[in-house]
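*Asks:* Got a predicted structure plus its sequence, pasted below:
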Amino acid sequence: MASVTAEPIDTTIEVPGKRTPLVTGAHDYGTVTDAVCRLAECKTPTAWYVALGISASLMGMLFGLIGYLIITGVGVWGNRSPVFWGWPIVNFVFWVGIGHAGTLISAILFLFRQDWRTGINRAAEAMTIFAVICAGVFPGIHIGRVWLAYWLFPIPNQMAMWPNFRSPLLWDVFAVSTYATVSLLFWYMGMIPDLATLRDRATGKIQQFAYGLFSLGWNGSSRHWHRYERAYLLLAALAAPLVLSVHTIVSFDFAVSQLPGWHTTIFPPYFVAGAVFSGFAMVLTLMIPARKICGIEDLLTDRHLENMTKVIIATGTMVGYAYAMEFFIAWYGGNRYETFAFINRAFGPYAWAYWIMVSCNVISPQLFWIKKIRTTPWMIFVVCVFVNIGMWFERFVITVTSLSRDFLPSSWGYFRPTIIDVLMLIGSFGLFMTLFLLFCKFLPMVAMAEVKSVMPRPGGQSDHH
Amino acid sequence: MDKKYWRSLNELHSTPGFEEILHREFPVAASEYPEGVSRRRWMQLMGASVALAGVSGCRWEDEKISPSVSRPEGRIPGVPQKYATFMELGGLAESLLVTCYDGRPIKVEGNPDSPQNQGSSTVFAQSETLSLYDPDRAVGVVERKEGTRYARDWQAFLDYADTVLGQARQDGGAKLRVLADVSSSATRRNLQEKFAALYPQARWYDYTANSRDNIYAGSKLAFGEVVRPHFDLSKANIVVCLDEDLLSEHSAGMLHTREWAARRDPAAGEMNRMYAVESRFTTTGLAADHRLPSRSVDIGFYLARLEAQVQARLAGKTPEPAGDEYADKVLAAMAEDLVANQGAALIAIGANQPAELQARVHKLNEQLGNVGKTIRYSKEPLATDLAAAEALRKLTDEIQAGSVETLVILGGNPAYNAPGDIDLVSALSKVPHSIHLGEYEDETSLLCKWHLPKTHPFEQWGDARSYDGTLCVAQPLIEPLHDGKSEVELLAILCGDKHPVALDLVKEAVKGSLDSMTVNASWRRLVHDGVLKGSALEAVSPKVKSLPAAKLTEAAGEELELVFYISPQVYDGRFANSGWLQETPDNLTKITWDNAAIIAPATAKKLGVEFGSVVKLILDGKSIELPVYVLPGQAPNSISVALGYGRTAAGLVGGDVARDVKPVGENIAALQSKAAMNFAAGLKLEKTGKEYELAITQDHHSIDAVGAGEIHGRVGQLVREANLSEYKSHPDFAKHVTHHPPLESLWEELSYEGQAWGMSIDLTKCIGCNACSVACQAENNVPVVGREQVLKSREMHWLRVDRYFTGDDVDNPGVSIQPMLCQQCELAPCEQVCPVAATVHTDEGLNDMVYNRCVGTRYCANNCPYKVRRFNYFNFNKVYEDPNRKLQALVLNPEVTVRHRGVMEKCTYCVQRIKAVQIDAKNDQRPIKDGEIVTACQQACSAKAIEFGDLKNEKSLVAQAHASPRSYAVLSELNIKPRTAYLARILNPHPSLAKPDSEGHGHGEAHAEADHPKTAEKH
């Protein structure tokens, strides 16, 4: 299938007076539908089963370890005094950050009328949901008495107790759960027309039923389209501020405390930039192999990749600026504890982590100034993997190094992760990949309806919008 | 009695089946419950039970402690009662007051009536309740035959003793020996005399690993008689300690600390000045104004130089100008001070130093006119003819020669702590009849034919004398848990009294000290008070005989020496099974759960070893492997190692090889020898290339240069110190160490209508002895986490003692100590961040922790700048759930919640004690008096460094302390308004040694010159 061939064109060059197409190849509406639906309809390749098997095993390991954790106690991690928050919180912030790209692409880029988003928004949004799921696992199991986690929610109860609304952790609960809910709705709502397409094409009874159920009776009428587009716009408007708010509030967990190294006002913008940065890097890390394997390079062109690398340069530079500004303020502020927190970061026992972070996050994205790298998928992939590593380390550096040496030198310590910490991080990738593989197989990976809206009309006149 | 009946039981004894029944059914704390018994087995068991039910019917009348049938007047169930008792260490008593809940001893305090401790207590006393309920204690009489262990009962032992002693009596006990732990009990002395009369040929040996033989020998050398020196630190302006831990390890340490601390208030009269010359860093060295690290072998050298200088000054000669060396300066200052303060100074020398030096110190004290003023002598009731090691050697030789048939070992654990050149272990197995009375089936018990369970100090009647001679009496607080008998009871049995009544024996023995007209009333009073007022030893005034002229010995070369010392945590090993003590960090090294070879930085560098490297210490061909701890301030070329570790049969905590529990630390006694019990030169050290991670509670990892630099700059702000002269010119210097803009609050602050609790800690007085920390653990059910968790910095101490080194010289640093506990901040950062409101402020200003509400996000601990919050990473109280170790749960204070896993906890200012007093006061409709509420840490503190009370009452001691110019709050610039104030530490250095600048303790450079007077500038 999808053997629509045409003369290959370089989508990364803007030819004056001519729009570079967002969909390459001799695609028409039908072939786009075919290309996307093929994945759900053709015989599943063995490779998919192998990949799912590995991912699901890792996910199983994660859940097994969570069981062990709940039975034994949070001491199975490396957390200690003074590093009361360790890898679980690092992982949480890391995954929440990853979960930024999707909504940014679908909501903010939609509002800004960036048409190229249509090729990637579905997968990016899916990735957002899955990353938020991974993130959601950690704070829940992180607490000492998991069975009482519901006390964090303002549920009326016999104790007549409300949570403490002054605590940033509580804000976090609201921010993340709101974000997860809106992202999920946005993603699902956007998928309804495509689900209906799958329903219409489905041959199996189960597929017909399942797609039928989730496409909510979509029949493609003008009224449906009208309502759909209104709702999509509204949800996009609703989701846009959330993109900024969720990581701002996650940063409050740190910034509102008085710990040197956490207590800085630069955190909200810096966290948001970092989140977009890591989110885009993760989208690229996933989509570069996926577009190849799934044969949707025509829909997800080099131009899409290049656009995203540009976002990465921008946000990576912002993050680099934040790193520098933190140091400047630490010195300029004249607070001895804060000054030390930053000197210690760069030159103390955790200097290795700091310099991994700086080289991955500040130096590696600068390679994208070179067009060759920006347009060579495997090179983008390598840089993005580095960015992902760097962003994990950023959260490690913030969380662990700041805690390890706070005010009283008598309680300074050095954090060492346990094997459980490591396996849980790996397990969370298993959970993420499992969900992503299931998504690739059963759901439309590209927003067919939206892609079609940015394609030349059948009839050859490309005068849309 | 029906003799036939007994004979038939004896027949049964020999059948293996019955042995098993006995073991299963009657070993007091049955190790297994008979599960799934067959019908036949059931009949057997029931048969035996019925048979033995009859046995209990034909016992002699026993003194029983039983629950009251009707409530005694004034006793309210659930309201704690306090009883006086004591514990004896090295033959000297520490009088105690034990709080019991419904007949269950829960908390130990010092006896306020005791002139020695006046309510304060040692770490050992604090942990006695844990030992009482230790499930590893011996649970019954045990006989060992050909390597097999048989559970017996006392009757079986009595029968055995009958036979053995019957034989002994015939030859006057010629082959009978007793090896006893040292004791000052008059009851024991009475029985000892009786014993001697009964077995005239028998010999009695006393052995203790912590002997004071050198002191006895020294005073004999000096005075011709053995006397005991008593120091009066309240009158001493100058205190010189030569390898002597006068404040902590000395038997009168608490008295010394109290008197010393009373003279450490710069606002109340002249401050004293203390010098310490010592090899290892002791508590006294830490508290001293000047400390000179010196090998123990060189103490004589320094003493001779000091003598020479003092003599010269006394003779009116102008002293030679002091050399440039630090040691020269210290000695010159010391001599100047001693001569200037004649009659108001004292020199004390450690019990580890040889007799000649002891004698010369006596002489020097006499020359300086200190005797009769700061030093008083009395008779030495504990003096023995034989030095401890000598006694042990003699006994061993006798056994080897085959002249010992029966050996009774009363207490102690000589098989474990005998010096390496006395092979008691192999000798013991050669004794045909060996009997050991001990609280645990320890190393000695394993080698003896019989093990008899000894009562815990809280389970027995007894008497002993404290260091000053005050008579102390103990009453049983609980019926013996494990069918134990006390030392005096066993002794009475050996003297033929088959069913001794300890109460009568003790009463009889102390009757002589009581008013003869009202013996019964006085006795009751004595039991109630625990101490007899005015029973201190009478002073004697011996004169120093002429001594051979002091030879000015040269300091021995570069040879390494090995110093053995009694562990401040586990003593001579007897507390090895106490989790509280094992987990108490040593006050300088912060090591828990181990002993180590403590080496000076310079020596470590020279030898090429570092922290954690395992080295082989070789002395006279014997060797032992130990990890290295590099301690700044340790004397160069001196390596000190604590005794009391490496127990192989201590229990599940301290090590039990038979049950596959690794010993804690290494037993260094193997390197001791009769001739060198305290220290030995000629040590060789070999590197092994191995590494070992020591579980330390501070500096969990080595500090890099960045961290070290910051600590250097920061500590001066946390622990504020100044010399007396600086204090005098600027008393409120502590308030000018950090400066910050006005502190505004975002919220309306709470106002307090009733009380507002607060605490103050005087750093000038604190000597970092850890008593507060262990007292807190005992009071507040603070769990023990074990070595593995300490390695992960998960220790749970609510009150820890922070230790910082100061100064530039790593080989002779100063040490700053700071007890750190929840500061009960007014604007508590923990409260704000808790998402479930589990930590909240009370209307009395306490920062409360609601355990039930806590879900364990640990955010509060992250936001606590003092890091005093402790998290239950696991269920650290699981040990109480183990059915075989359930007994331990009795130690828990019923007034304090036992915390669940996943819950945060911290110091509460002993809120249960506050509430108890509040309830009392409310019932009596009276205001709470100042000083009525005493927190556990405050109560244990012998230096009286901690004050607690109502800050709103301006007259309260704590409010006065807060108002002191020395008071400051740690990290006050964070605007958290802690309720705990620290009083800055004032040192009183000799003017010639005082550094003009106190080690960069200053405000940073952001300080404006005009902000306050020039005198406070300390950049």
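*Replies:* That came through, no problem. Predicted model, so just to flag it, every value in this text is computed and none were measured. Numbers count the residues shown, from 1 in each chain, chains lettered A, B, ... in the order given.

*Asks:* and residue 135, how many neighbours does it have?
*Replies:* Just so you know, I chose chain A. Neighbours of A:A135 under the rule other C-beta atoms under 10 Å in any protein chain shown: 25. Where you see a C-beta, it was placed from the backbone N, CA and C, and this is true even at glycine.

*Asks:* To clarify, I was referring to chain B.
*Replies:* Neighbour count of B:P135, defined by other C-beta under 10 Å: 20.

*Asks:* isn't it right next to B:N884, touching?
*Replies:* Yes - B:P135 is in contact with B:N884 according to C-beta atoms under 8 Å; the separation is 6.7 Å.

*Asks:* quick one: the helices in the stretch 351-465 of chain A?
*Replies:* Counting by DSSP state H, counting those that start in this stretch, one finds helices in the stretch 351-465 of chain A at the ranges A:351-358, A:371-375, A:377-396, A:402-404, A:419-442, A:448-453.

*Asks:* Nearest to chain B, out of these?
*Replies:* helix A:402-404 (6.1 Å; C-beta to the nearest C-beta).

*Asks:* Which single residue of the stretch 451-600 of chain B ends up nearest chain A?
*Replies:* Closest point on the stretch 451-600 of chain B to chain A, by C-beta to the nearest C-beta, is B:K590, at 9.1 Å.

*Asks:* Please name the residues that touch that residue.
*Replies:* Residues in contact with B:K590 (C-beta atoms under 8 Å, 6 or more residues apart in numbering or on different chains) are B:696-699, B:803.

*Asks:* got the residues you listed as a markdown table, with secondary structure and pLDDT columns?
*Replies:* Compiled in a markdown table, the contacts of B:K590 are given as follows (DSSP: H, G, I helix; E, B strand; the rest coil; pLDDT from 0 to 100):
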| residue | secondary structure | pLDDT |
| --- | --- | --- |
| B:I696 | strand | 91 |
| B:T697 | coil | 89 |
| B:Q698 | coil | 87 |
| B:D699 | coil | 77 |
| B:R803 | strand | 91 |
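
*Asks:* And the pLDDT at the residue nearest to A:F429 when sequence neighbours are not counted?
*Replies:* Once flanking residues are discounted, A:F429 sits nearest to A:L58: 6.6 Å by C-beta to C-beta, 6 or more residues apart in numbering or on different chains. We have a pLDDT of 95 for A:L58.

*Asks:* And the contacts of B:K590, which of them are buried?
*Replies:* Using 16 or more other C-beta atoms under 10 Å in any protein chain shown as the burial test, those include B:696-699, B:803 as buried.

*Asks:* Now the residue of the stretch 901-1019 of chain B found nearest chain A: which helix or strand?
*Replies:* Distances between the stretch 901-1019 of chain B and chain A by C-beta to the nearest C-beta are smallest at B:G902, namely 2.6 Å. Here B:G902 is covered by no helix or strand, with elements defined by DSSP states H and E.

*Asks:* tell me the contacts of the closest residue to it other than its chain neighbours?
*Replies:* Spatial nearest neighbour of B:G902, chain neighbours left out: A:G144 (2.6 Å); criterion: C-beta to C-beta, 6+ apart. Taking C-beta under 8 Å, 6+ apart, we find A:G144 in contact with A:73-74, B:854-858, B:871-872, B:901-904.

*Asks:* List just the nearest of those residues to A:V96.
*Replies:* The nearest member of these to A:V96, counting by C-beta to C-beta, is B:T857 at 16.4 Å.

*Asks:* So the closest one versus chain A, what's the distance?
*Replies:* B:T857 is 5 Å from chain A, where distance means C-beta to the nearest C-beta, to the nearest Å.

*Asks:* you'd agree that residue is in a strand?
*Replies:* No - B:T857 sits outside any strand when classified using DSSP: H, G, I helix; E, B strand; the rest coil, being coil.

*Asks:* Filter the contacts of A:G144 down to the buried ones, ChimeraX style.
*Replies:* ChimeraX command restricting those to the buried ones, with burial defined by 16+ other C-beta under 10 Å:
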select /A:73,74 /B:854,855,856,857,858,871,872,901,902,903,904
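
*Asks:* Make CSV from the contacts of A:G144 and add pLDDT and distance to A:P409 to it.
*Replies:* As requested, the contacts of A:G144 are exported to CSV (pLDDT from 0 to 100; distance: C-beta to C-beta, whole Å):
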residue, pLDDT, distance to A:P409
A:G73, 90, 29
A:V74, 92, 26
B:C854, 93, 28
B:V855, 93, 30
B:G856, 92, 26
B:T857, 93, 25
B:R858, 92, 21
B:F871, 94, 20
B:N872, 93, 25
B:R901, 91, 29
B:G902, 91, 29
B:V903, 94, 27
B:M904, 94, 22
